[in-house]
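Chemist: Pasting the sequence and the predicted model now:
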Amino acid sequence: MLAKLQEEKVFKDPVHHSIYVQDLTIWKLINTPEFQRLRRIRQLGTSYLTFHGAEHSRFSHSLGVYEITRKIISQFERNGYDDWPQEEKLLSLCASLLHDVGHGPFSHSLEQIFRTDHEEFTCEVILGDTGVNRVLREVDPQFPAKVASVIRKKYEKPIVVSLVSSQLDADRMDYLLRDAFFTGVNYGTFDLDRILRVLRPYKGKIVVKESGMHAVEDYLMSRYQMYWQVYFHPVTRSSEIVLRQIFRRAGELHKEEYEFAFMLPPIRELLEGTITLRQYLKLDEALVQTTFGQWTEEKDELLSDLCRRFLNRQLYKYAPLEQEDKLWLEEVRQEWERIGLHPDYHMEVDTPMDSPYDVYKPGALPDGKEKPPILLLDEQEQLTEISVKSDIIQSIAGLHRGKYYIYFPLEKVLPHAHKLSPETRKKLSI
């Protein structure tokens, strides 16, 4: 029997209009310090430097994922579907709410730099000495382990995992709508209500009623457009590059036993690769940006310049490349050295192919790295992978069209442009 609140709590939300909390456990989790910390972590990392409205947080996204999961389960319960295990409701809601509680500042950008894994930190929060763990243990001493197993995609009932992590999950549905709203673009919009109505629990899986195929096509096209127009935006990539370079330079200086004028314990442990959960939970974007503000005064000119660039949005210029011409790039490195620039920091070639975001893939690999495909359920109760019946999805499934870009500080290069080869000036458009 789930413990209910005496009075339902309602969060006003720009995407879902209202988010309803009826369970005492959910309300207690929302009020833990670890979950409240997500207010200080932006959902879209450095994208606010490209789309000024993208200031929304992991807190609001996590509430949105919870709300979509709650709606899906309510639809299953109203229709009395036998294949939905009703006893897993609280587990599903808790996993949905907590799925991002381990995210660090600037989200995926930080993970790439320090090779951390937000899912593992999420499980540490759930299983460790935290307010979240204490709330979950009130349900059952084994309940935190069950929530962590859902996050790790190892729970014994895949239908519960698929609510939070699949190619048509509550996480993706919320972040597409939320990111589109706050970036001010139309690419991420789709008919959420229609999709929720055509979802079905079936033989341990969540599938889509065949008549809902077009709504899912719209969702996948929105997802495809958002990746290329928002998540892979070259200006955002430029800000991520500068962010990575700040921490790379700080790491190099720390190894050289450089005496920083300003250094906080969580940043020191992060640079050393020894960060504990206690210090990790002190990391938020306010702390990191405060550090960058102090580092603008550091004696190391490279670190101070990079921090000023990031804080003042003086990002690197980018130029598209037809291909990664390694011979020419080596020549550019030599030219950079001749004009007094640091080729390891003042030039970077980037392609969004290495991004943590993905597009729809029809198949799941046996090692479990790929999420299960979207399945259609027809009137004869036969299951078919959606791209088999949809020409639209087949055309974009697994499609990569990443471009190479070279990034560099234009104002440092321009005074020496006459010393560069004609090929370099042409390719860099200077």
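Modeler: The structure has been received and is ready for your questions.

Chemist: which residues in the stretch 301-430 of the chain form helices?
Modeler: 301-312, 326-338, 386-389, 391-396, 410-413, 422-428 (DSSP state H, counting those that start in this stretch).

Chemist: want to try a markdown table for those helices, with distance to Arg223 as columns?
Modeler: Any C-beta I mention is one placed from the backbone N, CA and C, and that applies to glycine too. Formatted as a markdown table, these follow (distance: least, Cβ to Cβ, whole Å):
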| stretch | distance to Arg223 |
| --- | --- |
| helix 301-312 | 29 |
| helix 326-338 | 33 |
| helix 386-389 | 13 |
| helix 391-396 | 9 |
| helix 410-413 | 33 |
| helix 422-428 | 33 |
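
Chemist: Comparing those helices by mean pLDDT, which bottoms out?
Modeler: Among these, helix 391-396 has the lowest mean pLDDT, at a mean of 84.

Chemist: hmm, who's touching it?
Modeler: With Cβ atoms under 8 Å, 6 or more residues apart in numbering as the test, helix 391-396 has contacts from Val216, Glu217, Leu220, Met221, Tyr224, Val359, Tyr360, Ile386, Ser387, Val388.

Chemist: hang on, the first one in a helix?
Modeler: Yes. The assignment for Val216 (DSSP: H, G, I helix; E, B strand; the rest coil) places it in a helix.

Chemist: My guess is it contacts Ile386. True?
Modeler: Yes. Here Val216 reaches Ile386: they are 6.3 Å apart, a contact under Cβ atoms under 8 Å.

Chemist: Find residues that contact each of those two.
Modeler: Taking Cβ under 8 Å, 6+ apart as the contact rule, Val216 and Ile386 both touch Val208, Ile374, Ile393.

Chemist: Now render the residues you listed as a markdown table, adding distance to Lys157 and neighbour count.
Modeler: Listed next are those as a markdown table, based on distance: Cβ to Cβ, whole Å; neighbours: other Cβ atoms under 10 Å:
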| residue | distance to Lys157 | neighbour count |
| --- | --- | --- |
| Val208 | 19 | 21 |
| Ile374 | 19 | 23 |
| Ile393 | 27 | 22 |
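
Chemist: Pick the one among those residues closest to Thr291.
Modeler: Closest approach to Thr291 among those (Cβ to Cβ): Ile374, at 42.5 Å.

Chemist: So what does the closest one look like in phi/psi?
Modeler: phi -90, psi 130 (degrees, to the nearest 10).

Chemist: try Ile206
Modeler: phi -110, psi 120.

Chemist: how close does it get to Arg333?
Modeler: 50 Å (Cβ to Cβ, to the nearest Å).

Chemist: Looking at those two, which is more packed in?
Modeler: Ranked by neighbour count (other Cβ atoms under 10 Å), Ile206 and Arg333 place Ile206 first, with 24 against 15.

Chemist: Do I have it right that the more buried one meets Arg200?
Modeler: Yes. Using Cβ under 8 Å, Ile206 is in contact with Arg200, at 7.1 Å.

Chemist: still on that earlier bit, going by distance to Leu281, which of the shared contacts of Val216 and Ile386 wins?
Modeler: Of the shared contacts of Val216 and Ile386, the one sitting nearest to Leu281 (Cβ to Cβ) turns out to be Ile374, at 35.6 Å.

Chemist: How much space separates Ser18 from Tyr48?
Modeler: Distance, Ser18 to Tyr48, by Cβ to Cβ: 26 Å.

Chemist: And the helices of the stretch 301-430 of the chain: which comes nearest Ile68?
Modeler: Comparing the helices of the stretch 301-430 of the chain by Cβ to Cβ, helix 386-389 comes nearest, at 19.5 Å.

Chemist: Which residues does that closest one contact?
Modeler: 208, 210, 213, 216, 360, 362, 373-376, 393-394, 397.

Chemist: Let me see the ranges of the strands in this structure.
Modeler: For the chain, the strands defined by DSSP state E occupy 4-13, 17-23, 199-202, 205-209, 317-321, 348-350, 375-377, 383-385, 404-408.
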